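Undergrad: Make a model of this:
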Amino acid sequence: MSYMVLARKWRPQQFDDLIGQEHVSQTLKNAITADRVHHAFLFTGARGVGKTSAARIFAKALNCAEGPTLTPCGVCPSCVEITASRGIDVFEIDGASNTGVDDIRELRENIRYLPSTSRYKIFIIDEVHMLSINAFNALLKTLEEPPDHAKFIFATTEPHKIPVTILSRCQRFDFRKIALGKVAARLKTIAAAEGIKVSDAGLTMIARAGGGSMRDSQSTFDQVIAYCGEQVDDVQLQGLLGMVDQRLLINLLEAIFEGDAGRGLGILQQVDEQGHSFRQFCQQLIELVRALLFISVVEDPSEMLEVSESELQELRKLAVSADLNRLQRTLTLLMQTETQLAHANYPRLCVEMAVVKLASLPNGADVAHLIHKLDLLEKRLPVGGVVPSRPARTETSSNIPPPPPQPFRSSPPAEEPESPAESRVQEPVPVPATAPAAPRQQDWAGLVEFVNQKRRALGSVLEHAHPLTSELPLLKFGYPEGSFNLQLLGDSETRSALEALAAEFFGRPVRLEVVKMDGEQQPATPTFAQQQKEEQVSRQQQLRDNANEHPMVKAAKNIFDGEVEDVRPIDKGFI
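TA: Numbers count the residues shown, from 1 in each chain. Alright, predicted model coming up:
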């Protein structure tokens, strides 16, 4: 007799044999018991989790000579034929190779006839999502109102590719991935029956390689038996599966948590000498750190982690050596490294740099202490967490001389009073002793601001003028020779408009006199624009000096060992 692979030899034959799918088997058994069997079922889930096996068991339960029954006898002609995949009234159709509308039309013709020997005609269509749209449309009417003797069971790994019109006509059952412990227990039963000696750790490795698929795990077990024979050695098993020894992974994490980068690099050299893939190594390391993270936050993580009981106990000891903050940062950096390894030309170097960085990370307690200091600093700030713009006077700030008096400034009252830090330091234009004392008549800066509000273009012209005389009604100012503004004020309309605005500001007629200043003549007073620039520089320097001497800033500089990079006035907003 030819050899039968383990996946076929140990295929489930009863509902109770469906490992990890108890929610499906119990529902189907209840439907049979209550005689409420639907005409169309959709089994979805990952590969190798029991979808087709459940369909066959359900078909046997419905067509068994003793049925419908919850426990098919397995010996009647119907059960034997279904087990051997040659049932006369049970049709197993591969959706991947029967995708056309003609195949569905043939099925519709066949469904009209009564079953030959069984109770129902059952159509099992595997990978049903591979059918074409026309094939699905041809199936719709039959699926909605099939004859009483017909049942449909669809199986697929990609239910999102099935039209919603088909989904709405089926009872859907989602098959779950099988837990590692259940797969390992099943493999242990198979090993005992087949006379194979393998350790529990080896069975766990095989089950983990299956990725939650019973069929994949059994196929891997077949490969292991072919390689190792009846006595399976763990070292040979690791080499066959290309998996890194769990002890190496744990040793590496111990080195990282102890800050021993040299020891970690030595472990990576062992991994390289053994010929392991660094990307797979990084993936296993990520899974291990994830397990440590779960152990740190979950009271009973055994149901959430795919590890054996012995591995769980070892991981609990390792989790004590790292706090939650450290584990989170380690996991984040490892995931970034794993992504880089997909396209890295030097995979070993990538992992080595990650290990060195992880080993040099500060303890989470140090970071928490720093954050605590930050919180204390924030509590000392005023409401809103803003440092006042005028801090308490210090020895340095008190030595700054006050700004000179401003006899040449009296602008119209603003909506809000200016803060002392914003007051402009203006050099007064010499005024004869016989000049009127009215402040508005002596305010050149106020005139420039007033014209700026009325006509921005004319205000820009005045900003670059050097005021010379303010003996009203004469207002005399000058420009350097060749200045564009000098040429602009040569236009009579521009001059008239400026005279009208000046008259409006001073409340009396004003005559403008524009003077051309040669290159050797030094202006008596700076322009409005020059005054603004000088005041801004002076104010910025004063703000920086005050900020550097402020006790809050000093405390922050001491904590972070930093320097003040930039100072911005809070009354001007942040740009």
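Undergrad: give me the low-pLDDT residue ranges for the stretch 451-575 of the chain?
TA: 470, 519-524, 570-575 (pLDDT under 70).
Undergrad: For it, which segments are assigned as helices?
TA: Counting by DSSP state H, counting those that start in this stretch, one finds helices in the stretch 451-575 of the chain at the ranges 456-463, 484-488, 492-506, 528-549, 551-560.
Undergrad: among those, which is nearest T69?
TA: Among those, the nearest to T69 by C-beta to C-beta is helix 551-560 (75.7 Å). Using the backbone N, CA and C atoms, a C-beta is placed for each residue, glycine as well.
Undergrad: For that closest one, which residues meet the burial criterion?
TA: Buried residues in helix 551-560, counting neighbours by 16 or more other C-beta atoms under 10 Å, are found at M552, V553, A556.
Undergrad: of all those, which comes closest to A319?
TA: Looking across the buried residues of helix 551-560 and measuring by C-beta to C-beta, the closest to A319 is A556, at 35.8 Å.
Undergrad: which stretch among the helices of the stretch 451-575 of the chain comes nearest A319?
TA: Using C-beta to C-beta, the helices of the stretch 451-575 of the chain put helix 551-560 closest to A319, at 31.5 Å.
Undergrad: tell me the SS of the nearest residue to I88 once chain neighbours are set aside?
TA: Closest residue to I88 apart from its sequence neighbours, by C-beta to C-beta, 6 or more residues apart in numbering: S116 at 5.0 Å. Following DSSP: H, G, I helix; E, B strand; the rest coil, the label given to S116 is coil.
Undergrad: if I look at the residue nearest in space to the middle of the chain, how far off is E338?
TA: Nearest to the mean C-alpha position of the chain, by C-alpha atoms, centre = their mean, lies T332 at 10.7 Å. Distance of T332 to E338, given as C-beta to C-beta, to the nearest Å: 11 Å.
Undergrad: Need the per-residue pLDDT for the residue nearest to the centre of the chain.
TA: Note for T332: predicted pLDDT of 91.
Undergrad: and it, that's in a strand?
TA: No: assigned with three-state DSSP, T332 falls outside any strand and is helix.
Undergrad: any idea how far it is from A354?
TA: Taking C-beta to C-beta, one finds T332 at 11 Å from A354.
Undergrad: name the helices or strands packed onto the helix or strand that contains G266?
TA: According to DSSP states H and E, G266 maps onto helix 261-273. Applying 3 or more C-beta pairs under 8 Å, 6 or more residues apart in numbering; DSSP states H and E, we find helix 261-273 packed against helix 246-257, helix 278-297, helix 347-359.
Undergrad: then that helix to PDB, C-alphas only?
TA: Output in PDB follows, covering the C-alpha atoms of helix 261-273 (Å, rounded to 0.1, in the frame of the first residue of the first chain):
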ATOM      1  CA  ALA A 261      26.700  45.500  23.800                       C
ATOM      2  CA  GLY A 262      29.900  43.400  23.400                       C
ATOM      3  CA  ARG A 263      28.100  40.300  24.600                       C
ATOM      4  CA  GLY A 264      25.200  41.000  22.200                       C
ATOM      5  CA  LEU A 265      27.500  41.400  19.200                       C
ATOM      6  CA  GLY A 266      29.100  38.000  20.100                       C
ATOM      7  CA  ILE A 267      25.700  36.400  20.000                       C
ATOM      8  CA  LEU A 268      25.000  37.900  16.600                       C
ATOM      9  CA  GLN A 269      28.300  36.400  15.400                       C
ATOM     10  CA  GLN A 270      27.000  33.000  16.500                       C
ATOM     11  CA  VAL A 271      23.800  33.600  14.600                       C
ATOM     12  CA  ASP A 272      25.800  34.500  11.400                       C
ATOM     13  CA  GLU A 273      28.100  31.500  11.800                       C
END
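Undergrad: what comes up buried for that helix?
TA: A261, R263, G264, L265, I267, L268, V271.
Undergrad: And stretch 295-310, by the same measure?
TA: Quick answer for stretch 295-310 (16+ other C-beta under 10 Å): I295, S296, P301, L305, E306, V307, S308.
Undergrad: May I ask which two of those residues are separated the most?
TA: Counting by C-beta to C-beta, the most remote pair of the buried residues of stretch 295-310 is S296 and S308, 19.3 Å apart.
Undergrad: Please enumerate the helices of the stretch 51-200 of the chain.
TA: For the stretch 51-200 of the chain, the helices defined by DSSP H, counting those that start in this stretch occupy 51-63, 77-83, 101-111, 133-144, 164-167, 180-194, 200-210.
Undergrad: Please consider this matter closed, and thank you.
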